[in-house]
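Q: Predicted coordinates and the sequence they were generated for:
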Amino acid sequence: MSHVKIWIHLVFSTKHHQPLFTKEIRHSLFEHIRENARGKGIWLDYINGYSDHVHCLISLGKDQSIGKLSQLIKGESSNWINKQDYFRGKFFWQDDYFAVSVGSSQVEVVRKYIRNQENHHQKKSFTEEVKAFLEKYGWDKETDVGLKPNNR
């Protein structure tokens, strides 16, 4: 039997970072994503976010990739959001996402960070948060290409 424990902090946002999610919508959305993940064999340890984005703490299974999990979570949840008729027009997630590995000793720190999103974003916008992530983890943002490793 294979034993795998690879923690990933996954962050994705609404198209154009539109602040669409009220507290009530977020609650329903996160419960739905949690149930959907469980049904697809995705170990979603923690989920939270704010009006324009979602943070997930996920443990990858031995046959799972970050890209596939992101696709499954984002694709199915956007379909669900559109069926709820929360918004005029069609809802979309931003194509890109941020994912970083989390050491086992840092899992509780990341859970706490994800748990405190509402308080955190009273002081810092999502754009500022992304910029801080990119700097902290040594990535540069390229406007049309996405993310690339920082060659230092």
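A: Noted; the coordinates are in hand.
Q: can we go C-alpha only for contacts and neighbour counts from here?
A: Noted.
Q: and H9, what element?
A: strand 6-13 (DSSP states H and E).
Q: Buried residues, that strand. List them.
A: W7, I8, H9, L10, V11, F12, S13 (16 or more other Cα atoms under 10 Å).
Q: And the lowest mean pLDDT element among the helices and strands of this protein?
A: When each helix and strand of the chain is scored by mean pLDDT, DSSP states H and E, strand 146-149 comes last, with a mean of 44.
Q: quick one, helices of the protein?
A: 23-39, 66-84, 107-115, 117-120, 126-136 (DSSP state H).
Q: So which of those is nearest D96?
A: For D96, the closest of the helices of the chain is helix 66-84, at 9.4 Å, according to Cα to Cα.
Q: Just want the angle from that closest one to strand 6-13.
A: Per axes from the mean of the first three to the mean of the last three Cα atoms, to 10 degrees, the angle that helix 66-84 makes with strand 6-13 is 40 degrees.
Q: could you give the mean pLDDT of helix 66-84?
A: Averaged across helix 66-84, the pLDDT comes to 96.
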